[in-house]
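# Here is the input, now give the coordinates:
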Amino acid sequence: MKIETHRLYENRDDVTLTAYILDDSPELAAGKRRPAIIVNPGGAYVMLSDREAEPIAMRFAGMGFHTFVLRYSVFTGGTNVWPENLKNLPPDKKEVQYPAPLIELGMSMLTVKKHADEWCIDREQIGICGFSAGGHNCTMYASSWFRSILTESLHTTEAQLRPAFCIVGYPFVDWEFQYNLEMDELTRDSYRWMYQDYFGETDPPAEKMRACSPNYMITRKTAPTFIWTTATDKSVDPRHSIRLVEAMADHGVPYEFHIFSEGAHGLALADRATFQKSGDINETVAQWVPLADMWLKNIVKLGTNN
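Modelled structure (predicted):
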């Protein structure tokens, strides 16, 4: 495997795309192009979780994908450090606010396609995957790749930005829905940080929240999507996923949805690879990986000549 990291901005070290390129062995579909997937870790747009980054990439590499991890703009500069005092709101950092994370996912797609020949990647089979806030960024992209905010910002065409598929775990989806939920003090403080980091304000108007909520942006152009969550997630209410699925059903978007009966937020692979604390290993939830693998077999092909 070849591993290399690309900076998306010349003057910033915090926004990067790390590539995990499988060796072109004569025993492993030599010379054939493979599908690829760009992983977006979560972290409430405040930090980025390592548990939802390289371990996810390695699991998809084991399925035959070239994999990438995008460290997009967040308040802590791409680190995995959570703020100690959530009572003190972060200073205004316009460079990390919307639409920066969305555009950076588009930049990543263009980077992968630019190197497609070198890395032996099928340009038509590049998908995206995200968790929690990373799931929000992915579902935003899956429903926005053809919109002017991306095509004009990146000076490119819809075809160059189109994702082949989208996979999201316990995604944050609807800003207005979350804003109106009853939350305990700690959860409310965490979300105030998230809103401040993404919008530059803790109380954005409803129309602004809806414009950045994927469930309001679904169209027939939205990429086929695999969604999973848990019914007992206390950080990102499972109704975020349900609202997304309902919108996809309304617009005829191909999707597969799994809601597991038990499991905390942020389980990632839900096995020893991403174990951090008690409860992180959940054999039932871990089945999302083989389920996604089965779903992907109907979406992408291994070893093409495209």
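# Show me where the stretch 151-300 of the chain has its helices.
Remark: helices assigned in the stretch 151-300 of the chain by DSSP state H, counting those that start in this stretch are 158-161, 175-179, 185-199, 206-211, 239-251, 288-296.
# Please list the outside residues in contact with the second one.
When you say that, I think you mean helix 175-179. By C-beta atoms under 8 Å, 6 or more residues apart in numbering, the surrounding residues in contact with helix 175-179 are 172, 191, 195, 204, 206, 209-210, 212-213, 237, 239-240, 243. Any C-beta I mention is one placed from the backbone N, CA and C, and that applies to glycine too.
# Pick out the most distant pair among those.
Spatial extent of the contacts of helix 175-179 (C-beta to C-beta) is set by the pair 204 and 239 at 20.1 Å.
# quick revisit: got TSV for the helices of the stretch 151-300 of the chain, with mean neighbour count, mean pLDDT and distance to residue 229 too?
Listed next are the helices of the stretch 151-300 of the chain as TSV, based on neighbours: other C-beta atoms under 10 Å; pLDDT from 0 to 100; distance: least, C-beta to C-beta, whole Å:
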stretch	mean neighbour count	mean pLDDT	distance to residue 229
helix 158-161	15	98	27
helix 175-179	19	98	14
helix 185-199	18	95	17
helix 206-211	14	98	20
helix 239-251	19	99	4
helix 288-296	18	98	9
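# Between those helices, which one is closest to residue 61.
Residue 61 lies closest to helix 288-296 among the helices of the stretch 151-300 of the chain, at 12.4 Å (C-beta to C-beta).
# Remind me what the closest one packs against, helices and strands.
If contacts are counted by 3 or more C-beta pairs under 8 Å, 6 or more residues apart in numbering; DSSP states H and E, helix 288-296 sits against strand 166-169, strand 225-230, strand 255-260.
# Which residue would you name as the spatial centre of the chain?
residue 130 (2.3 Å; C-alpha atoms, centre = their mean).
# Just to check, residue 8 is in contact with residue 16?
Yes: under the criterion of C-beta atoms under 8 Å, residue 8 makes contact with residue 16 at 6.6 Å.
# where does residue 152 fall, phi/psi-wise?
Main-chain dihedrals, residue 152, degrees, to the nearest 10: phi -80, psi -40.
# since we're on it, how many residues are nearby?
By the measure other C-beta atoms under 10 Å, the count of residues near residue 152 is 9.
# What distance do you get for it to residue 268?
The spacing between residue 152 and residue 268, counted by C-beta to C-beta, to the nearest Å, is 35 Å.
# cool, residue 73 as well?
Separation of residue 73 from residue 268 (C-beta to C-beta) stands at 21 Å.
# Where do the helices of the stretch 1-150 of the chain begin and end?
54-61, 100-114, 116-119, 133-142, 148-151.
# which one of these is the most hemmed in?
Comparing the helices of the stretch 1-150 of the chain by mean neighbour count (mean count of other C-beta atoms under 10 Å), helix 133-142 ranks first with a mean of 30.
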